[in-house]
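> I'll drop the sequence and a predicted model, then ask my questions.
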Amino acid sequence: MSTSIPTVLAALVTLGQATLTGWQVINGPLGSVTTTTGRLLVVGEGDVTGRRDLDGMSLDTTLEAYVLSLVANVDLPGTDQQAADTLALAAYAAMETAVRGYPGGPTLGLPGVVQALPTGDFALMRKADENGRHAAVRFTVAVLAQNT
């Protein structure tokens, strides 16, 4: 079965590394992180949900549509929740802008990808504990790809 999912995940990791200087960027679920820099972008957090259909008369070509989740996570020592929120939201905004403004268009420069664009959906998660203040923004990228 041919799918664009691994290639799109890798492209988003590369884009995250180029966009978020000083951030750790990983491909994989949040639980797979063993050490962090205090600023972490997780590409491919949670399940990838989607749909695959035959595309045209060929049994070898499929059209797939799916949604990938990304999480921009910030951990700061101290008591400044606003600083943690601001950093996480800024990372989300930077990644959204980078994906929307990709120089090769909405395909992330990948063959077979028709479009990969942020959905506009996001959630800001906040936490405080004895280690400091924490903020994370979960957001999604919708992908439409044709596989041959």
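It's in.
> C-alpha from now on. contacts and neighbour counts both.
Will do.
> Now do the helices in this structure.
5-19, 81-100 (DSSP state H).
> For the worst-scoring helix or strand of the chain on mean pLDDT, output the C-alpha coordinates as PDB.
When the helices and strands of the chain are compared on mean pLDDT, DSSP states H and E, strand 49-54 comes out lowest with a mean of 87. The C-alpha trace of strand 49-54 is given here as PDB (Å, rounded to 0.1, in the frame of the first residue of the first chain):
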ATOM      1  CA  THR A  49      -7.200   9.700  10.800                       C
ATOM      2  CA  GLY A  50      -8.200   9.700   7.200                       C
ATOM      3  CA  ARG A  51      -9.900   8.100   4.200                       C
ATOM      4  CA  ARG A  52      -8.500   6.400   1.100                       C
ATOM      5  CA  ASP A  53     -10.500   5.900  -2.100                       C
ATOM      6  CA  LEU A  54      -9.700   4.500  -5.600                       C
END
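> circling back: for Val114, find the nearest of the helices of the chain.
The minimum distance between Val114 and these falls on helix 5-19, with 11.5 Å, by C-alpha to C-alpha.
> Show me what that closest one is packed up against.
When contacts are defined as 3 or more C-alpha pairs under 8 Å, 6 or more residues apart in numbering; DSSP states H and E, helix 5-19 sits against strand 24-27, strand 39-43, helix 81-100.
> Using TSV, please lay out the helices of the chain together with mean neighbour count, mean pLDDT and distance to Leu108.
Listed next are these as TSV, based on neighbours: other C-alpha atoms under 10 Å; pLDDT from 0 to 100; distance: least, C-alpha to C-alpha, whole Å:
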stretch	mean neighbour count	mean pLDDT	distance to Leu108
helix 5-19	17	97	7
helix 81-100	19	97	7
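> Redo these as CSV? Include distance to Val113.
CSV is the format used below for the helices of the chain (distance: least, C-alpha to C-alpha, whole Å):
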stretch, distance to Val113
helix 5-19, 8
helix 81-100, 13
